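# I'll drop the sequence and a predicted model, then ask my questions.
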Amino acid sequence: MDDFFDVIIIGGGPIGLNCGIEAVKRNFKYLIIEKGCLVNSIYNYPANMTFFSTSERLEIGGVPFVSHGDKPTRREALEYYRRVKSSWNLNLKTYETVLEIIDSDNGYLIKTTKDNYRCKNVIIATGYYDNPNLLNVPGENLSKVKHYFDEPHPYAYHKVIVVGAGNSAVDVALELFRKDVEVTMVIRELKLKDSIKYWVKPDIENRIKEGSIKAFFNSNIKEIRENEVDIITPIGELTLRNDFVFAMTGYHPDFNFLEKNGIDLVGSGETLEPEFNHETFETKRKGIFLAGVVCGGMDTGKWFIENSIAHSKNIFDCIESRR
């Protein structure tokens, strides 16, 4: 705990890295702390995922992002952000979890699982991908129920239910279908979300129309058991034979961490979000800022990599004005 940092950035995703780059540009002493690996959320995306955005919109720090197609893959993104880290020689610690932000003389004391650090300012750029939205139904704790998807091979020749109406659910359903999986979608809404990737939407709609993928709209899971799932549909309650359930119902920020560290929350349910100044991104705790998708709270479609890159400039303009 010998060093005193101008800024400590919590989160080593693209926005956390971009905040680090902004700190370098302005000659601030900084440290990025990430609880997992570099860009941990992207690492945990499905192995065959393709981004909705084009590669140039994901660029940070002036490092070119060249991909084989118009839209980069997860593998290409991992390689790109490693190059960003190396190109800017970013001061980054991985596999270290921040536990608490404590008021201290002239700033804050950051307690982690490995060390303590002192700093003047803190930027929380922790995203949301580590916290799945639960179904809150009996049996959700069974090992057959999964909130993350890697690859389809282990589920070949099995009966799988996919819950959700967004891009994640559709991608999982199609990947599984093409590996000889019997796929059934359970969708709370009356239709698939309008935000489905335009090059994927006709594919899933045609598979549902022809019956290759079964879909129950305006439906919900009632209970999950080892070999069956009960669902409530417009035609009544049904019991389906089942081996695995993928609950692709979205994710949310770590609200417990935010509240524990003095960040107020406003709204409730699907409107719950952290409170902060929307120009400077500063919270009520002076010198503690939010950046990236964490700012949207439960509305995880509000902020993406490409439209939250600018957060770092607003934040550092505020920090620099007090230098």
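Right, received. Where do you want to start?

# switch to C-alpha atoms for all contacts and neighbour counts from now on
Noted.

# OK, contacts around the residue nearest to the spatial centre of the chain?
Geometric centre of the chain, nearest residue: residue 129, 2.9 Å, by CA atoms, centre = their mean. Shown in contact with residue 129 (CA atoms under 8 Å, 6 or more residues apart in numbering): 41, 251-253.

# cool, and residue 315?
By CA under 8 Å, 6+ apart, the residues touching residue 315 are 280-282, 289.

# before we move on, back to that, helices - which of the contacts of residue 129 land there?
residue 41 (DSSP state H).

# turn the contacts of residue 129 into JSON lines, including pLDDT, neighbour count and distance to residue 202.
Shown next, in JSON lines, are the contacts of residue 129 (pLDDT from 0 to 100; neighbours: other CA atoms under 10 Å; distance: CA to CA, whole Å):
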{"residue": "41", "pLDDT": "92", "neighbour count": "17", "distance to residue 202": "28"}
{"residue": "251", "pLDDT": "91", "neighbour count": "19", "distance to residue 202": "26"}
{"residue": "252", "pLDDT": "93", "neighbour count": "22", "distance to residue 202": "28"}
{"residue": "253", "pLDDT": "94", "neighbour count": "25", "distance to residue 202": "31"}
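
# out of the contacts of residue 129, which is nearest to residue 145?
Set against residue 145, the nearest of those by CA to CA is residue 251 (15.4 Å).

# which non-adjacent residue is nearest residue 21?
Closest residue in space to residue 21, ignoring its immediate chain neighbours: residue 61 at 6.3 Å, by CA to CA, 6 or more residues apart in numbering.

# tell me where the stretch 51-200 of the chain has strands.
For the stretch 51-200 of the chain, the strands defined by DSSP state E, counting those that start in this stretch cover 92-93, 98-104, 107-112, 116-124, 145-146, 159-163, 182-186.

# got the contact list for the fifth one?
Among residues not part of strand 145-146, those counted as contacts by CA under 8 Å, 6+ apart are 244-247.

# okay, stretch 264-276 in PDB with CA atoms only?
Extracted C-alpha coordinates of stretch 264-276, given in PDB (Å, rounded to 0.1, in the frame of the first residue of the first chain):
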ATOM      1  CA  ASP A 264     -27.800   4.800  -4.400                       C
ATOM      2  CA  LEU A 265     -30.300   2.900  -6.600                       C
ATOM      3  CA  VAL A 266     -33.500   4.400  -8.000                       C
ATOM      4  CA  GLY A 267     -36.600   2.700  -9.600                       C
ATOM      5  CA  SER A 268     -37.600  -0.800  -9.000                       C
ATOM      6  CA  GLY A 269     -38.000  -4.100 -10.900                       C
ATOM      7  CA  GLU A 270     -37.100  -3.700 -14.600                       C
ATOM      8  CA  THR A 271     -36.400   0.100 -14.100                       C
ATOM      9  CA  LEU A 272     -33.900  -0.300 -11.300                       C
ATOM     10  CA  GLU A 273     -30.700   1.600 -12.000                       C
ATOM     11  CA  PRO A 274     -27.800   3.300 -10.100                       C
ATOM     12  CA  GLU A 275     -28.100   7.000  -9.400                       C
ATOM     13  CA  PHE A 276     -25.400   9.300 -10.900                       C
END
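
# by neighbours, which of the contacts of residue 315 wins?
In terms of neighbours by other CA atoms under 10 Å, those top out with residue 289 at 27 neighbours.

# so for the strand or helix carrying it, mean pLDDT?
Element membership of residue 289 [criterion: DSSP states H and E] is strand 288-290. Mean pLDDT, strand 288-290: 98.

# just give me the neighbour total for the closest residue to residue 60 other than its chain neighbours.
Closest residue to residue 60 apart from its sequence neighbours, by CA to CA, 6+ apart: residue 18 at 6.2 Å. Residue crowding around residue 18 was assessed by other CA under 10 Å; the count is 25.

# what are the phi and psi angles of residue 18?
phi -70, psi -30 (degrees, to the nearest 10).

# and for residue 21?
phi -60, psi -40.

# so what's it up against?
61, 88, 90.

# OK, contacts around the residue lying closest to the last one once chain neighbours are set aside?
When the adjacent residues along the chain are set aside, residue 90 lies closest to residue 20, with 6.6 Å between them (CA to CA, 6+ apart). Contact criterion CA under 8 Å, 6+ apart gives 9, 30-32, 90-91 as the residues in contact with residue 20.

# show me the shaky parts of the stretch 1-150 of the chain.
Within the stretch 1-150 of the chain, the ranges that satisfy pLDDT under 70 run 1-2.

# can you give me the helices for the protein?
Listed in chain order, the helices of the chain (DSSP H) span 14-25, 40-43, 74-88, 167-177, 201-210, 255-260, 305-308, 311-321.

# what's the second one packed up against?
Counting contacts by 3 or more CA pairs under 8 Å, 6 or more residues apart in numbering; DSSP states H and E, helix 40-43 packs against helix 74-88.

# pull out the buried residues from the helix it packs on.
Of the residues in helix 74-88, 74, 76-78, 80-81, 84-85 count as buried by neighbour count, 16 or more other CA atoms under 10 Å.

# from the residues you listed, which is closest to residue 239?
residue 74 (36.3 Å).
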